[in-house]
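Trainee: task: produce atomic coordinates for the following.
(2 chains)
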Number of protein chains: 2
Amino acid sequence: MTRIPYSEMHSLFREVFIQRGLDDERATRLATIIADNSRDGVYTHGLHRFARTVHEIEDGVIDKEARPAVVSSFGSIECWDGGFGIGPLGAWDAMARAVELAHQHGVGLVAIGRNNHWLRGGTYGLEAADAGCISICWSNTKPNMPVWGGATPLVGNNPLIISVPKDDGAHFVFDAAMSQYSYGKLEEYRLKGEDLPFPGGFDKDGKLTVKPADIEETGRVLPIGYWKGSGLSLALDLVATALSGGLSVTEIGKEGAERGLTQVMIAIDPAKLRSKEAVEALVGPILKSVTESRSLDGRAVRYPGQRLFTTRRKNLENGVPVVDQVWQEALALRR
Amino acid sequence: MTRIPYSEMHSLFREVFIQRGLDDERATRLATIIADNSRDGVYTHGLHRFARTVHEIEDGVIDKEARPAVVSSFGSIECWDGGFGIGPLGAWDAMARAVELAHQHGVGLVAIGRNNHWLRGGTYGLEAADAGCISICWSNTKPNMPVWGGATPLVGNNPLIISVPKDDGAHFVFDAAMSQYSYGKLEEYRLKGEDLPFPGGFDKDGKLTVKPADIEETGRVLPIGYWKGSGLSLALDLVATALSGGLSVTEIGKEGAERGLTQVMIAIDPAKLRSKEAVEALVGPILKSVTESRSLDGRAVRYPGQRLFTTRRKNLENGVPVVDQVWQEALALRR
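Mentor: Modelled structure (predicted):
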């Protein structure tokens, strides 16, 4: 396992994006989002998605020239058309606008349709939290999970993010796909040659299995909570599609590549209801009750996002761990 | 299994509430909410909770005189104090206000703290949908589920509801607790003498089990998606507490009875972004793709809420099915 300084990884990403025709500001933002994902330990949506993002820009799956456009707006909600542009940049701008609307109205909502893959959803939860906002946001995906009782992939694993800001910057970030394991996580276990800790989907005989490759083969990943995750995934797609006017999971499935994804960004400014100190006094004890909870097996009990900030500190100090082959492939994209 | 005409059930509930000191309007609303739950097939939160609600009013666990008060507000968000009043009435009014704010601003949010149990969350999702709004709402509960990795109940099974309106009134309603099975559902299976279809929690030896009574004994119900449901439950409690200034799950646990619950109501008016016809044209095909999906086992594939309207029609036509003993107990509350 090699470790690469964060700044070196960021520079490479930025340089490659500039070489593919992005202007300095957009290349820097996109490099930051992807490098930050690896920095925070979400390797599947960091370095591991870099080459694919570059290729999708080269192939025109992602339109690098497109900029999001406001389709309609009313008070504290807006509908955007992403124009099949660079997913993380469209999503970043959409959340920035939702935060702006929250500062003006208490709550803001931006639905962006015909965008592309936003990579790590937690990016936008952290973006809102850094601006002092609570966020609820999600994306749809291509059909990659059967609806409960159905035989073929029909719903997406639609990741849902809920973030709550903390004064010390180590925000609470819940970030989870509606499948028990994301495809990125299945790939990670397969590359490590390990079984999943819990059954994560069905094999070709219709049996629940812990073998990542068998699940990747059928596409029958298990929704969280069986029928509940299936229903929640459907709910998220319905709301996203109704508000954005963009592509539903089914429509994305007709695109060939996974493109034209829809995201919904909701930001809420709690400081409009009470002081930041009062919010902190409400949130702090809940998180403390988790970390001080009696453990079942002696391992520390953690809340979502807690490990992220520990990993971030370590990776900034010692370098970001990379799979050598993936890093070499990234280096080869520099012209 | 006896069937009772809906109107007879409603009259009984209304009469009993008036006899306990509620004015006509509030008694009628509360009777409607509880009778509608049974009418829609959600028996655990209908007739089965009626006697308990009456007793909690008599015992002062619920303050029947309390009315929700606005604590603070800003633009399209409001924070309410429920004053330990009648839970479903506080929740109903909070969603009505969120809908009003959505009509004014596109999105509206009301967080109501120190309320009481709202019974069926779907009630408020339907309320918003009937007013043409998409809704996202949830409640916290007493601690009834261990946080992932923890040994003792710490988080709530915090039900989450997402509804999407349909022109024909048969709205999409996702309504699910963060535990694989609600305690009401565990009770239902236990009363029927049946095992759960899937493991729903841990027994006293720490093994996953399908025996409802064994799970009720330990209080170690399984979160949906293991760590994911645990994290989502925590996220919902954090946001609810931060916005309402009310009682967190942990604080509710100190109350003795399960009282002082917090709810968050978010309503979004999609008609502010595009016509109702356009929304219907986006939503309809997604639901159709589900109902026309190839089934795994020959049984019809359904979306959340679909069965509800079939059950409603049947129960209005033939009467609402009741467990005789529970109906007799309800009748005995009439003075």
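Trainee: what segments of chain A are strands?
Mentor: Counting by DSSP state E, chain A has strands at residues A:2-4, A:69-74, A:77-81, A:107-115, A:134-139, A:145-146, A:153-155, A:160-164, A:172-176, A:201-202, A:208-209, A:261-268, A:320-322.
Trainee: which stretch in these has the least confidence?
Mentor: With a mean of 84, strand A:208-209 has the lowest mean pLDDT of the strands of chain A.
Trainee: least trustworthy helix or strand in chain A by mean pLDDT?
Mentor: strand A:208-209 (a mean of 84; mean pLDDT, DSSP states H and E).
Trainee: re earlier: turn the strands of chain A into CSV, including mean neighbour count and distance to chain B.
Mentor: Every residue, glycine included, has its C-beta placed from N, CA and C. What follows is the strands of chain A, written out as CSV (neighbours: other Cβ atoms under 10 Å in any protein chain shown; distance: least, Cβ to the nearest Cβ, whole Å):
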stretch, mean neighbour count, distance to chain B
strand A:2-4, 15, 27
strand A:69-74, 15, 4
strand A:77-81, 25, 3
strand A:107-115, 31, 5
strand A:134-139, 28, 6
strand A:145-146, 26, 7
strand A:153-155, 26, 5
strand A:160-164, 27, 4
strand A:172-176, 26, 4
strand A:201-202, 22, 9
strand A:208-209, 17, 10
strand A:261-268, 30, 7
strand A:320-322, 22, 23
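Trainee: among those strands, which comes closest to B:Thr311?
Mentor: strand A:153-155 (23.7 Å; Cβ to Cβ).
Trainee: so how far is the closest one off the chain centroid?
Mentor: The chain centre lies 19 Å from the centre of strand A:153-155; the measure is Cα atoms, centre = their mean, to the nearest Å.
Trainee: who does that strand touch, helix- and strand-wise?
Mentor: In terms of contacts (3 or more Cβ pairs under 8 Å, 6 or more residues apart in numbering or on different chains; DSSP states H and E), strand A:153-155 is packed against strand A:145-146, helix A:227-244, helix A:249-253.
Trainee: now the ones you listed as a markdown table including distance to A:Cys133?
Mentor: A markdown table is the format used below for those (distance: least, Cβ to Cβ, whole Å):
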| stretch | distance to A:Cys133 |
| --- | --- |
| strand A:145-146 | 30 |
| helix A:227-244 | 19 |
| helix A:249-253 | 27 |
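Trainee: and those, which one's lowest on average pLDDT?
Mentor: strand A:145-146 has the lowest average pLDDT among these, namely a mean of 90.
Trainee: can you count the residues close to A:Lys207?
Mentor: Residues within reach of A:Lys207, counting by other Cβ atoms under 10 Å in any protein chain shown, total 9.
Trainee: residues of the stretch 1-150 of chain A that sit close to chain B?
Mentor: Contacts of the stretch 1-150 of chain A with chain B, taken as Cβ under 8 Å from any Cβ of the partner chain, map to A:71-77, A:79, A:104-109, A:111, A:134, A:136, A:146-150.
Trainee: apply 10 Å and report the result again.
Mentor: A:71-79, A:101-109, A:111, A:113, A:125, A:134-136, A:143, A:146-150 (Cβ under 10 Å from any Cβ of the partner chain).
Trainee: state the distance from the residue lying farthest from the centre of chain A to chain B.
Mentor: Relative to the mean C-alpha coordinate of chain A, counting by Cα atoms, centre = their mean, the farthest residue is A:Asp205 (31.4 Å). Distance of A:Asp205 to chain B, given as Cβ to the nearest Cβ, to the nearest Å: 13 Å.
Trainee: cool, A:Ala66 as well?
Mentor: Distance from A:Ala66 to chain B, counting by Cβ to the nearest Cβ: 21 Å.
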